[in-house]
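Colleague: Pasting a predicted model and its sequence here:
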Amino acid sequence: MATKTIRAEYLKGLWDENPVLRQILGLCPTLAVTGTVITGLAMGLATTFVLIFSSLVVSSIKKLIPAQVRIATYIVVIASFVTIADQFLKAFFYPISEALGPYVPLIVVNCIILGRQEAFSSRNSVGRSLIDALGMSTGFILTLLALSSIREILGAGTFLGYQVMGPWFKPWIIMILPAGGFITLGILLGIALTIESRTKRS
Amino acid sequence: MELMAIFISAVLVQNFVLYYFLGICPFLGVSKKIDSALSMGLAVTFVMSITAVVSWLINNLILIPYDLGYLQIVSFILVIASLVQLVEMFIRKISPPLYQALGIYLPLITTNCAIMGLALIAALNEYSFVETVIFGFGSGLGFTLAIVLMAGIREQLDLSDVPEPLKGAGIALIVAGIMALAFNGFIGMLT
Amino acid sequence: MSLSSRMIIVLTTVGLISGGFLAGVAKLTKERIALNIQAEIEEAIKEVVDDAEVSTVLYEEEGLVIYRELEEDGDLAGFAIQAIGVGFQDKITLMFGLDETLTKITGLTIIEQKETPGLGAKITDWNAFLQFWEDRDATGPLSLRKPSVRTPEELMATEINSITAATISSRKVLEIVNLSLDKVRELIAKGKITDEEHDGN
């Protein structure tokens, strides 16, 4: 396998190997907290924190961990950083923590994070793992932003709480409901794949 | 909330997949055929019920009395990972064919947000022991219901003409959205 | 070193390091978190009882807390009642205020709810719902007025406004308040709550 350039290593997370749209991972939080842009963004940042630090730690200690206990070790490392993120939010951003509810602790089972440790951090240098984590996180945040922007603008007429649609606009409540999340993500996935096949063809 | 309400709520009104968005990965991954969906659903229900018991015990006998609330996430996920290992070994001994059928899906149950979600939500709502067990069992059934329904629909969809980019996850999500809307109708059932 | 002992050592070390680290973080954030929870309650109390400065818990049971509020100079400002009940979708946590005579509701605010966005969730909206809760008569049960009215003057003192297309959520809030008021009256009859000021008690 050819070694990618640093740039390529980072960029792959945004599109080619976008964790949500291409790898179909991390869907639970993606659907659950994208009703508003602020919660989507908060979740993205919290996940980024966990992914980056978990990757750094796992990559640093990869030689010390016997293969049989690697999953358990990854889990403990990831769970610790999730706990830190959760405590931090509760202490300094209480309203957002309330809005996100049980979904911050659920970052611990976000397949993206565990997946990256197994697929990448455990086999690559600390530097590369960091780049990979950054790329995946960026891809994840961008996807969350796209989904939550659509849902908030169409579902409530606001963006980050600020009214952006005029009074003539009747919000599509369905967008804020779970159904809206499913359908919007499904359509986004379809669009991503269409773009992918179009660019492959040309 | 009395027990019946918690049960019905978990299965229909606040269905783990269609309301809480938990268990989406297996929901999309294993819902292609009705029988594998059913097996997965039952395995999940089994693990969820046991997790409900163990997580309640850990939370109420160790974490809270000793003020170790911050260890909740770490302890819950470790318990779940171990339970899944045990269930895997158990099924392998008791019924090798079933083990073959479920294959890779068993270890995947660990990262099934539904199980962790169950432990967290039950703890958040401060349910009693009995309430937690009913909640765990009900949520598992709700998950099974959603995944089997989805498999039924997808088996039909396989025979129809889905646009290329939507095949697979895309159309599954849209179907899930419509199912979520349908289940929305159950709200207020308990009023 | 055999494999199993290596496995155990690695796992134990990782476990201990994480545990220690988390304990440290928990210590740092603990107070802050408790304060945040406290602040949320205090803010709700201030919204429903004017001039509330000093708060004491008078009575507490599952799903109900009654606070006595004093003004800065020690005068009785009123009472705040925090109640949790079942809404249409999920639980609703609310706070409403009673005046010093325990006969009038001074206001209501919703602390937590998960009602349908755009419909039931309007119970948190001042114009649609909350403004109609001021000056309600708390001496007897309150009832729901349908269809919705536009101004508070159109309501009788024992009525609250129902939100268009969200009657059930409105009714749920009403039920929680009525049940709480029943409890308050019960406690008054037992002498546990009085409307007299207690100086230095």
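Modeller: Perfect, thanks for sending it. Since the structure is predicted, the reported quantities are computational estimates derived from the model, not experimental observations.
Colleague: make it CA atoms for all contacts and neighbour counts henceforth
Modeller: Will do.
Colleague: ok, and what's touching stretch B:28-44?
Modeller: For stretch B:28-44, the external contacting residues (CA atoms under 8 Å, 6 or more residues apart in numbering or on different chains) are B:101-102, B:105-106, B:109, B:115, B:140-141, B:143-145, B:147-148, B:150-152, B:154-155, B:169, B:172-173.
Colleague: try stretch A:117-130
Modeller: A:6, A:9, A:52, A:54-56, A:58-60, A:62, A:71, A:74, A:132.
Colleague: Strands along the chain, start to end?
Modeller: If you meant another chain, say so; for now it's chain A. Ranges of strands in chain A, per DSSP state E, are A:158-159, A:162-163.
Colleague: That was the other one, I meant chain C.
Modeller: Counting by DSSP E, the strands of chain C are C:54-61, C:64-70, C:76-86, C:91-98, C:104-112, C:136-137, C:143-145, C:159-161.
Colleague: Compare the ones you listed and give me the one nearest chain B.
Modeller: Among those, strand C:76-86 comes nearest to chain B, with 8.0 Å by CA to the nearest CA.
Colleague: what's that closest one in contact with?
Modeller: By CA under 8 Å, 6+ apart, the residues outside strand C:76-86 that reach it are B:1, C:45, C:48-52, C:63-71, C:91-102, C:172, C:176-177, C:180, C:196-197.
Colleague: Could you measure from the residue most central in space within chain A over to B:Phe21?
Modeller: In chain A, the residue lying closest to the centroid (CA atoms, centre = their mean) is A:Phe140, at 3.6 Å. Separation of A:Phe140 from B:Phe21 (CA to CA, to the nearest Å): 17 Å.
Colleague: tell me which parts of chain A are close to chain C?
Modeller: A:64-66, A:68-69, A:72-73, A:76-77, A:80, A:83-84, A:87-88, A:90-92, A:94, A:173, A:176-177 (CA under 8 Å from any CA of the partner chain).
Colleague: Quick one, which of the residues you listed are buried?
Modeller: The neighbour-count test (16 or more other CA atoms under 10 Å in any protein chain shown) marks A:65-66, A:72-73, A:76-77, A:80, A:83-84, A:87-88, A:90-91, A:94, A:173, A:176-177 as buried among the residues of chain A next to chain C.
Colleague: of these, list those near chain B.
Modeller: A:Ala72, A:Val76, A:Ser80, A:Thr83, A:Gln87.
Colleague: Could you give the number of residues near the closest residue to the second one other than its chain neighbours?
Modeller: By that I understand A:Val76. In this structure, A:Val76 finds its nearest non-sequential neighbour in B:Val74, 6.3 Å apart by CA to CA, 6 or more residues apart in numbering or on different chains. Residues near B:Val74, counting by other CA atoms under 10 Å in any protein chain shown, number 24.
Colleague: Average pLDDT for the top helix by length along chain A, rounded please.
Modeller: If you go by DSSP state H, chain A has its longest helix at helix A:126-156. Helix A:126-156 shows a mean pLDDT of 90.
Colleague: now do stretch B:18-38
Modeller: 79.
Colleague: do stretch B:107-123 as well
Modeller: 81.
Colleague: Off-centre distance for the worst-scoring helix or strand of chain B on mean pLDDT?
Modeller: Scoring the helices and strands of chain B by mean pLDDT, DSSP states H and E places helix B:105-108 at the bottom, with a mean of 70. Its chain's C-alpha centre and that of helix B:105-108 lie 13 Å apart, by CA atoms, centre = their mean, to the nearest Å.
Colleague: How about stretch C:80-100?
Modeller: 5 Å.
Colleague: what about dumping the CA coordinates of that stretch to PDB?
Modeller: Extracted in PDB, the C-alpha atoms of stretch C:80-100 (Å, rounded to 0.1, in the frame of the first residue of the first chain):
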ATOM      1  CA  ALA C  80     -42.200  28.400  44.400                       C
ATOM      2  CA  ILE C  81     -43.300  24.900  43.600                       C
ATOM      3  CA  GLN C  82     -41.300  22.600  41.300                       C
ATOM      4  CA  ALA C  83     -43.200  19.700  40.000                       C
ATOM      5  CA  ILE C  84     -42.600  16.800  37.600                       C
ATOM      6  CA  GLY C  85     -45.400  15.000  35.800                       C
ATOM      7  CA  VAL C  86     -46.200  13.100  32.700                       C
ATOM      8  CA  GLY C  87     -46.700  15.100  29.500                       C
ATOM      9  CA  PHE C  88     -47.800  14.100  26.100                       C
ATOM     10  CA  GLN C  89     -44.500  12.800  24.900                       C
ATOM     11  CA  ASP C  90     -42.400  12.500  28.000                       C
ATOM     12  CA  LYS C  91     -42.000  14.000  31.400                       C
ATOM     13  CA  ILE C  92     -42.500  17.700  32.000                       C
ATOM     14  CA  THR C  93     -40.700  19.600  34.800                       C
ATOM     15  CA  LEU C  94     -42.100  22.900  35.700                       C
ATOM     16  CA  MET C  95     -41.900  25.700  38.300                       C
ATOM     17  CA  PHE C  96     -44.800  27.900  39.300                       C
ATOM     18  CA  GLY C  97     -45.000  30.600  42.000                       C
ATOM     19  CA  LEU C  98     -47.600  31.300  44.700                       C
ATOM     20  CA  ASP C  99     -48.000  34.700  46.300                       C
ATOM     21  CA  GLU C 100     -47.500  35.200  50.100                       C
END
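Colleague: Buried residues in that stretch, which are they?
Modeller: C:80-100.
Colleague: that older thread, mean pLDDT lowest for which of the strands of chain A?
Modeller: strand A:162-163 (a mean of 80).
Colleague: Need the contact partners of that one.
Modeller: A:Gly157.
Colleague: Tell me the strands beside that strand, with direction?
Modeller: strand A:158-159 (antiparallel) (DSSP bridges).
Colleague: And for residue 145, the neighbour number?
Modeller: No chain specified, so I'll use chain A. Residues near A:Leu145, counting by other CA under 10 Å: 21.
Colleague: um, chain B though
Modeller: 20.
Colleague: from memory C:Val10 sits against A:Ile65, does it?
Modeller: Yes: using CA atoms under 8 Å, C:Val10 is in contact with A:Ile65, at 6.6 Å.
Colleague: B:Ser9 reaches B:Tyr19, doesn't it?
Modeller: No: judged on CA under 8 Å, B:Ser9 makes no contact with B:Tyr19 at a distance of 10.6 Å.
Colleague: If you count surrounding residues, which of those two has more?
Modeller: Legend: neighbour count by other CA under 10 Å for B:Ser9 and B:Tyr19, higher for B:Ser9 (24 against 19).
Colleague: Make sure the more buried one is indeed in a strand.
Modeller: No: secondary structure of B:Ser9 (DSSP: H, G, I helix; E, B strand; the rest coil): helix, not part of a strand.
Colleague: tell me the pLDDT at it?
Modeller: 83.
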